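S.K.: Compute the structure for the input listed below.
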Amino acid sequence: MELIIKATVIGVAGAILTLIIKKTNPEISTVLTLAVCTVIAGLTLKAFSSVKEVLELVEVGTGFSSAYTAPVLKCVGIGITARLGSDICKDSGQAAVASSVEICGAVCALYVSLPLIKTLLRMIGELA
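M.R.: Numbers count the residues shown, from 1 in each chain. Okay, here's the model as predicted:
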């Protein structure tokens with residue numbers, strides 16, 4: 001709970017500062033946006049480590065392979081990264097670059113999920 005409060009306060013303060021600075025110096029505004037995103041991402045990584053620990057306990061306790069959970073976690077990370085990158089590009093007025101980042105994120109998510117898709121197809125093939 002306190003993580004989201006910290007992230008919200010930092011985000012709102014950064015957004016207000018960015019709006020104030022953007023009128024006179026848009027380049028610094030973009031750098032400030034990147035800095036705020038980096039700080040919030042750092043806070044988020046602390047919470048993510050707890051999630052990862054729980055998933056590792058589930059894997060050990062149930063015998064569930066990390067081959068199933070790793071692609072899902074990677075896809076979530078790719079999605080978050082692509083969304084942040086895209087939004088920063090949009091804020092900087094670069095819609096075409098933002099679209100390219102989104103497309104790259106989708107392709108990367110598909111790529112990291114290929115082992116999971118192959119395993120699923122093998123399992124279906126064995127049932128037939």
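S.K.: after the helix or strand of the chain with the lowest mean pLDDT, next one along is what?
M.R.: Scoring the helices and strands of the chain by mean pLDDT, DSSP states H and E places helix 26-62 at the bottom, with a mean of 86. Downstream of helix 26-62, the next assigned helix or strand under DSSP states H and E is helix 66-91.
S.K.: other SSEs contacting the least confident helix or strand of the chain?
M.R.: On a contact count with 3 or more CB pairs under 8 Å, 6 or more residues apart in numbering; DSSP states H and E, helix 26-62 meets helix 2-22, helix 66-91. All C-beta atoms are positioned from the backbone trio N, CA, C, and that covers glycine.
S.K.: Give me the angle between that helix and helix 66-91.
M.R.: Going by axes from the mean of the first three to the mean of the last three CA atoms, to 10 degrees, helix 26-62 is angled at 170 degrees with respect to helix 66-91.
S.K.: pLDDT at the residue positioned nearest the centre of the chain, what is it?
M.R.: Nearest residue to the geometric centre of the chain (CA atoms, centre = their mean): residue 80, 1.9 Å. For residue 80, the pLDDT comes out at 92.
S.K.: Just the buried residues of the least confident helix or strand of the chain, please?
M.R.: By neighbour count on 16 or more other CB atoms under 10 Å, the buried set for helix 26-62 is 29, 30, 32, 33, 36, 37, 40, 43, 55, 59.
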